[in-house]
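Asker: Show me how the following folds:
(chains A and B)
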Amino acid sequence: MSETKHRHFIQRIIDEDNVTGKFDNRVHTRFPPEPNGHLHIGHAKAICLVFGIAEEYGGGCNLRFDDTNPIAEEEKYVDAIQNDVRWLGFEWDNLCFASNYFQQMYDYAVQLIKQGNAYVCDLTGEEIKKSRGTLREPGKDSPFRNRSIDENMDLFNRMKNGDFPNGSKTLRAKIDMEHPNLNMRDPVIYRILHANHHNTGNDWCIYPMYDWAHGLEDSIEGVTHSLCSIEFEDHRPIYDWYLDMLDVYHPQQIEFARLNLSYTVMSKRMLKRLVEGGFVNGWDDPRMPTLSGMRRRGYTPESIRNFMDEVGIAKRENVMEIAKLEAKLRDDLNKRAQRRMAVLNPLKVIITNYPEGKVEELDAINNPEDESAGSRKVPFERELFIEQDDFIEDPPKNFFRLGPGREVRLRYAYFITCNNVIKDEQGNIVELHCTYDPETKGGNAPDGRKVRGTIHWVSANESIDADVRLYDRLFTISDPSSSDNFEDVLNPDSLIALNECKLERSLSDVGLEEHIQFERLGYFYKDPDSTNGMPVFNRTVPLRNTWAKLEKQQQNQKN
RNA sequence: UGGGGCGUCGUCUAAUGGCAGGACAGCGGAUUCUGGUUCCGCCGGUUGGGGUUCGAAUCCCUGCGCCCCAGCCA
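Answerer: Below is the predicted model:
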């Protein structure tokens, strides 16, 4: 179909490098998360990109933990991140830790000092900030800028040995305090942090800053193309400066735009607030855009990867509509999910002309998209449950389902006609009395008559109970980060927990890894909160619902 | 404001001097024992102004708008 597949700007750069032989036709990328939080759908874009590039060019990709800040980082995130990357479907060539290069990084810093390109500065954080200048004013040189190499060597050595308290000294690059790029105004290379590191313990009390560490990590690992997000664009000069000064192998940093998704947040800060404020139930809450949350909700890695194939790689800001992700999800689930019947909000139906005590086993197709999935038996009897939404006493125009005197098809079963509506004292509908047409067994009328509606159902006595959790977007506005008050734009209906839902019997032994379509409702996925007695299902995503859309339109017209 | 980056349908994204195309969304229709799926059709865009050119989204000039940077975070 599609002739020449479009190549994005990063592929073009690499193609060009492979023509000129810039990296000896080698391609090696890396995914460099800091182990200080969970991976989210935004990371997935980067993961798919860097692992995808490596695969496409027959190169390699490292998973590298950028663990240069012991205060923020924890071992548990190291494990969680590996788990998430694997779940997405990628395997790294090397598992690396920035902290494994601490000695090399230190040695390089010594080299820089000896070259006269770095100095130990006694300014406090506040003083550094002041002397850095502003966007329009140049900075001022630190009074410690011209210490001798010997003095710097001695001081730096003592910094490493733990002679000084936190924050009392830094090692800084001697570049240019008047540089228009603030990152070049004598950036800090090392800071003193007497802290326990998840990997190196108490071996070090000085830790490298990102700008110093990252390029060295790339260089040490022989990375060719170091892909990162756009906000690091003004860090590229410092990335290049360090590697040039050290005269070491020099990878190329290339920046691309990160992924944003409508109706959700991606910043670690906001995600953390959601968790710590108790607005969601943990990092793997199925409403969270974290990979662990999406996994629990029932997203498939394939659907996420397919989505990433279409988001595009470019430099401009972008906000992908969540609808596109969901389209990819449905697309994947439609093909793989077996169909079952489940009634979320049950309404009792008595088939008055059906013999008491009789149970028939009817054939139901497991997946119309996959013949090999076969079929199953569903029990039919005199007492059934249907969805409350599938009956309206005074049906509006275009409503095809059940109403007084109306005939509909019970899927895979019989045509039934509603004769009687039973209400309680408050006037709530509690039961429907219907009659069935025995000639329509299986769902077809021999006389050729048609019904507009087909509804799902479960047997009252042969069904099992379950809790079902319905999820919706977490926020009411497309760009929640634009709001000052986080809580104002939280969707109060992002989770609707239903109890005593009625499931088809065959759902009693569904596995934790199985994606199921509840017919006419959506795709569902069993939650680990399930117990032996009470299964819990998460709604991954609802089916497209043109009736709901119509209904909304009709309501809007009334108003 | 100094520096860096970015502007193409509602949203993403192609076209890199030669018919502005695709996906999602929206709208309409066909098929259907899921108001699902599938299929068909429609709608809709080059940030403004000037210039170069037979021809400009693309090149030049000049506006305008948006994003990022003043952590001893990454």
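Asker: so how many other residues sit close to A:D363?
Answerer: A count of nearby residues for A:D363, using other CB atoms under 10 Å, gives 11. Yep, even glycine has a C-beta here, placed from its N, CA and C like the rest.
Asker: Looking at it now. What's its pLDDT?
Answerer: At A:D363, the model reports a pLDDT of 97.
Asker: next one: A:I429
Answerer: 97.
Asker: For it, list each beta-bridge partner.
Answerer: Per DSSP bridges, residues listed as beta-bridge partners of A:I429: A:K423.
Asker: Give me the phi and psi for A:D176.
Answerer: Taking degrees, to the nearest 10, you get phi -170, psi 110 for the backbone angles of A:D176.
Asker: With A:S292 instead?
Answerer: Here A:S292 shows phi and psi, under degrees, to the nearest 10, equal to phi -70, psi -40.
Asker: Skip the chain neighbours and tell me the closest residue to A:E519.
Answerer: The shortest distance from A:E519 to any residue that is not its chain neighbour, by CB to CB, 6 or more residues apart in numbering, is 4.8 Å, and that residue is A:H456.
Asker: For RNA strand B, see how far away that neighbour is.
Answerer: 7 Å (CB to the nearest atom of the strand, to the nearest Å).
Asker: What about that residue? Give its phi and psi, please.
Answerer: Phi and psi for A:H456, reported as degrees, to the nearest 10, are phi -90, psi 170.
Asker: before we move on, what about the one 3 residues further on?
Answerer: Per-residue torsions, A:S459: phi -70, psi 140 (degrees, to the nearest 10).
Asker: Tally up the residues packed near the closest residue to A:P138 other than its chain neighbours, please.
Answerer: Leaving aside its chain neighbours, A:P138 sits nearest to A:E178 (3.8 Å; criterion: CB to CB, 6+ apart). Close neighbours of A:E178, defined as other CB under 10 Å, add up to 13.
Asker: what does the one 3 residues further on give?
Answerer: The number of residues packed near A:N181 is 13, by other CB under 10 Å.
Asker: Not counting its neighbours along the chain, what's nearest the residue of the stretch 201-350 of chain A found nearest RNA strand B?
Answerer: For the stretch 201-350 of chain A, the nearest residue to RNA strand B under the criterion CB to the nearest atom of the strand is A:G312, separated by 2.4 Å. Distances taken as CB to CB, 6+ apart place A:H8 nearest to A:G312, at 6.8 Å, with adjacent residues excluded.
Asker: mind checking how far that neighbour is from RNA strand B?
Answerer: Remark: distance between A:H8 and RNA strand B (CB to the nearest atom of the strand) = 4 Å.
Asker: if I read this right, that residue contacts A:V311, doesn't it?
Answerer: No. With contact defined as CB atoms under 8 Å, A:H8 does not count as touching A:V311 (10.6 Å).
Asker: where's A:A46 relative to A:Y207, distance?
Answerer: For A:A46, the distance to A:Y207 (CB to CB, to the nearest Å) stands at 24 Å.
Asker: Ok, A:L329 next?
Answerer: For A:L329, the distance to A:Y207 - CB to CB - is 41 Å.
Asker: ok, now A:G533?
Answerer: Distance of A:G533 to A:Y207, given as CB to CB: 51 Å.
Asker: who has more neighbours, these two?
Answerer: In this comparison of A:G533 against A:Y207, neighbours counted by other CB under 10 Å, the higher total goes to A:Y207 at 23 against 7.
Asker: Name the residues that touch stretch A:467-479?
Answerer: The contact list for stretch A:467-479, computed with CB atoms under 8 Å, 6 or more residues apart in numbering, reads A:262-265, A:274, A:279-280, A:286-288, A:297, A:319, A:322, A:342, A:344, A:480, A:483, A:489-491, A:493-499, A:501, A:524, A:527, A:529, A:534-539.
Asker: Can you name the residues that contact the closest residue to A:Y57 other than its chain neighbours?
Answerer: What sits nearest to A:Y57 in space, not counting adjacent residues and going by CB to CB, 6+ apart, is A:V27, at 3.8 Å. In this structure, A:V27 makes contact with A:14, A:18, A:53-54, A:57-60, A:224-225, judged by CB under 8 Å, 6+ apart.
Asker: just A:Y239 next, same as before
Answerer: Applying CB under 8 Å, 6+ apart, we find A:Y239 in contact with A:211, A:214-215, A:226, A:232, A:253.
Asker: JSON lines for the residues you listed, including secondary structure, distance to RNA strand B and neighbour count?
Answerer: Converted to JSON lines, the contacts of A:Y239 look like this (DSSP: H, G, I helix; E, B strand; the rest coil; distance: CB to the nearest atom of the strand, whole Å; neighbours: other CB atoms under 10 Å):
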{"residue": "A:D211", "secondary structure": "helix", "distance to RNA strand B": "7", "neighbour count": "20"}
{"residue": "A:H214", "secondary structure": "helix", "distance to RNA strand B": "7", "neighbour count": "25"}
{"residue": "A:G215", "secondary structure": "helix", "distance to RNA strand B": "12", "neighbour count": "26"}
{"residue": "A:S226", "secondary structure": "strand", "distance to RNA strand B": "13", "neighbour count": "24"}
{"residue": "A:F232", "secondary structure": "helix", "distance to RNA strand B": "6", "neighbour count": "19"}
{"residue": "A:Q253", "secondary structure": "strand", "distance to RNA strand B": "12", "neighbour count": "20"}
